[in-house]
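**Student:** I would like the atomic coordinates for the input below:
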Amino acid sequence: SAQLLLHNYPAKQRGGWTMEEKIVSLSGGESVRELQQCLRAVKDSELGALITRSAVKGKNIGPLIRAIFKGSPTTEAEGVSRRLLLYKHCIRLCESGDLQLEVVSDITGLLMLETHQLPGPSLAELASLYVDAIKGGSISNGKSLELFPNILTALAATESLAYGKGELSGEEYKKQLINSLCSSRWDPHCVIHLTSMFRDVPVSVEELQFVVEKVLRMFPKLDLQEIPPLVYQLLLLSAKGCKKLVLEGITSYFNEQDQQQREEQKDTESMDVEVVSVPQDQLRHVEGTVILHIVFAIRLDHELGRELLKYLKAGQQGEVGRVLCPFSIALLLSVARIQRYEEQAFDFLKVAIVKSFRDVQVQQGSRFVQDLLTRRPCVSQMILETVKNSVFGWDHVTQGLVQLGFILMDSFGLKPGPFGKAAEAPPANPKTPSQHACQLGGRILLESFKMHEPIRTEILEQVLNRVVTKVASPVSHFIDLFSDIIASAPMILLESSSKVMETFDHLAYLPLNTVHGLLRAVQPLLKVSMSMKDSLIIVLRKAMFSSQLDARKSAVAGFLLLLKNFKVLGSLASSQASQIISSSQIQVDVHSRYNSAANEAFCLEILGSLRRCLSQQADVRLMLYEGFHDVLRRNSQLASSIMQTLLSQLRRYYEPEQDLLPPLKLESCISAQGDQIFLQEPLAHLLSCTVHCLLWYQDLHDHRRTTVEEDEDEEE
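**Tutor:** Okay, the predicted model is just below:
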């Protein structure tokens, strides 16, 4: 009997077959009747045990299932019942976790081939079985869910099914099941499996919306590490539709997470107790992974990219803060790496930034508007927070940040004045939205430079290239950025000194204002880099004898600036030379350590070069006279050399005759060519410079003498 064969499994009965082998053997014969009779002799519980043992052992499960299908025709009620039993048992078996993956795959594949043979009521029963299992949380590993889409597809093709007291079509019944499923509780562990399953289920737009909304509602209930794979499945599911809903849900979730992080940080600071539900680094790494998933999906589905831009632009019409947050900005900057979206992405950010600054300006200028409107989130703060967050391995965002920074500085920086005149220097406190946007671009680049080593060279090169090439446009905002970079990361600039020295070669061709700003910015580096200082001196000496007047004026401006900053006696000692920048940031080598004696020799050498200017054009000498007084105030120990130089120059135009007033050789100060008169010597500036220097030196001398007398009185 079948019962005896079952109890003796797997051993064969005195040369006989096991029940599994008998069923498989009969299925290979021509007569199906014997197979049906054999299956009738096996009880339902015994049949389940046979299937279980074959599946666990991993042998003959495929032939056994095919044999059961062959011996269970759907034209007979008994056959349908046995097939239904087979499906139910195999579904539970696949979810048990006791089977190998290959066996589960074989079982699922065989069941999928025969699903369309089942009648409507059986399909409805199986579908309800799945729904109840999902509601009850008994779907553990999700392996059996591969079969569910086939059941729903076959169910939708059914003409009519009994539902309550009436009837529904298969499509309507499927809709009811999906609605019921999405309205019930899901076990968080099976959300990813269910989302993946719905990719294979034919659904209408309305049904898809039910599913997507349900999945998005499950986000807060999942562990943070499960979000990236769920987002990946959700993006695949969005190929069916509801792209905007998916993107909006993902963005809103991470926006809420960021807000929660900020609130917890405030609580931590106020209570001096760490209150963090999710570690910040973990959240940032998850956000970075999700952004990569979305960008990858957009590369494959350009409709998704268009929906992202449409979603952001639609939100821009209202409150920008509703759609823009650090996460969505990082996402947009990553999408901007795709060429077809680059221009649109940066244009959107430019408009959003200027609109935000304009709204703030209007709100600050009107008490009525302040009372009427709530304080809106500032886009600039969001972008700077994105820069801060990018330190957690967001390499796909950093390039976009660099581009955005330079786009803002190029678009909203100073423009040439009327008739090519130089524009005014940017104000320290920006007032207009354009000035705020330009300043924001500089802050983005500065913070990115501090945080990301791989892009430092690129930022530095682009800044210096703009300083050198934008001769017709103001570049003071780029020079200010360059100065801030030097102040914040001087050691890195020393490592890139070759690039800075290459820029020195262009000094002779740059406008005088640009030369002033650039040399003022590099002063801290010149104090600690011997090679950079020597390179600049060589360039300035060459410029001093250039055929171009502007080049010679630039050389004078450069030498005067060096004299102001390299103090002689009583200034920095050799061990303090690096403190102008930061002693903790730079370790100065032996050759770069300046002492007062070296500075004095250096300054006297520069003064020797400047004396040669006294034989050049009046404009060059004029710059020298205007600069000597400031040099003397900053470097008092050069007074003797400077006063001697001025005296020597003044003697050339002094007339010693007592009766002559004024005692000056005015003829030597001008020249005439035809009807035109040319100034050969700016005598007024020479006299003014001499008097100012003399008065200042006398005041200094009197102050020192008073100090000495007071010290002597105290000693007595």
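**Student:** Is residue 692 within a helix or a strand, and which one?
**Tutor:** Following DSSP states H and E, one finds residue 692 within helix 683-715.
**Student:** Can you list the buried residues in that helix?
**Tutor:** 683, 685-687, 689-690, 692-693, 697 (16 or more other CB atoms under 10 Å). Every C-beta, even on glycine, is put in place using the N, C-alpha and C of the backbone.
**Student:** could you give me the average pLDDT of it?
**Tutor:** For helix 683-715, the mean pLDDT works out to 80.
**Student:** What helices and strands are in contact with it?
**Tutor:** Packing partners of helix 683-715 (3 or more CB pairs under 8 Å, 6 or more residues apart in numbering; DSSP states H and E): helix 618-634, helix 639-651.
**Student:** low-confidence ranges in the stretch 301-450 of the chain?
**Tutor:** By pLDDT under 70, the weakly predicted segments of the stretch 301-450 of the chain are 315-322, 362-377, 415-430.
**Student:** mind redoing it with 80?
**Tutor:** 314-323, 359-378, 413-431 (pLDDT under 80).
**Student:** Now do the strands in it.
**Tutor:** Ranges of strands within the stretch 301-450 of the chain: none, based on DSSP state E, counting those that start in this stretch.
**Student:** ditto for the stretch 151-300 of the chain
**Tutor:** 161-163, 166-168.
**Student:** about what we covered before: can I get the helices and strands packed on helix 683-715 in TSV including distance to residue 111, mean neighbour count and mean pLDDT?
**Tutor:** Output for those, formatted as TSV (distance: least, CB to CB, whole Å; neighbours: other CB atoms under 10 Å; pLDDT from 0 to 100):
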stretch	distance to residue 111	mean neighbour count	mean pLDDT
helix 618-634	90	19	84
helix 639-651	99	15	83
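**Student:** follow-up on the earlier one: select from the strands of the stretch 151-300 of the chain the stretch with the lowest mean pLDDT.
**Tutor:** Across the strands of the stretch 151-300 of the chain, strand 161-163 gives the lowest mean pLDDT, at a mean of 69.
**Student:** what does stretch 109-120 contact?
**Tutor:** 62, 65-66, 69, 74, 80, 83-84, 86-87, 90, 123, 126, 146-147, 150-151, 153-155, 157-161, 170 (CB atoms under 8 Å, 6 or more residues apart in numbering).
**Student:** hang on, the earlier thing: any chance of the helices and strands packed on helix 683-715 in JSON lines, with distance to residue 346 too?
**Tutor:** JSON lines is the format used below for these (distance: least, CB to CB, whole Å):
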{"stretch": "helix 618-634", "distance to residue 346": "42"}
{"stretch": "helix 639-651", "distance to residue 346": "52"}
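**Student:** possible to save the buried residues of helix 683-715 as CSV with distance to residue 323?
**Tutor:** What follows is the buried residues of helix 683-715, written out as CSV (distance: CB to CB, whole Å):
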residue, distance to residue 323
683, 67
685, 60
686, 65
687, 67
689, 61
690, 66
692, 61
693, 63
697, 66
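**Student:** Can you tell me which of those residues is closest to residue 381?
**Tutor:** Of all the buried residues of helix 683-715, residue 381 sits closest to residue 692, with 48.0 Å by CB to CB.
**Student:** What distance do you get for the closest residue to the closest one other than its chain neighbours to residue 117?
**Tutor:** Nearest non-adjacent residue to residue 692, counting by CB to CB, 6 or more residues apart in numbering: residue 629, 4.7 Å away. To residue 117, residue 629 is 103 Å away according to CB to CB, to the nearest Å.
**Student:** same thing with residue 74?
**Tutor:** Distance from residue 74 to residue 117, by CB to CB: 5 Å.
**Student:** How about residue 458?
**Tutor:** From residue 458 to residue 117 the distance is 64 Å (CB to CB).
**Student:** cool, residue 172 as well?
**Tutor:** Taken as CB to CB, the span from residue 172 to residue 117 is 22 Å.
**Student:** what sits against residue 55?
**Tutor:** 61, 90, 93, 99, 103, 107.
**Student:** Any idea how many residues pack against the nearest residue to it once chain neighbours are set aside?
**Tutor:** Excluding the flanking residues, the one nearest residue 55 by CB to CB, 6+ apart is residue 61, at 4.8 Å. Other residues lying near residue 61 total 25 when counted by other CB atoms under 10 Å.
**Student:** Could you check how far residue 61 is from residue 22?
**Tutor:** Here the criterion is CB to CB. By it, residue 61 lies 16 Å from residue 22.
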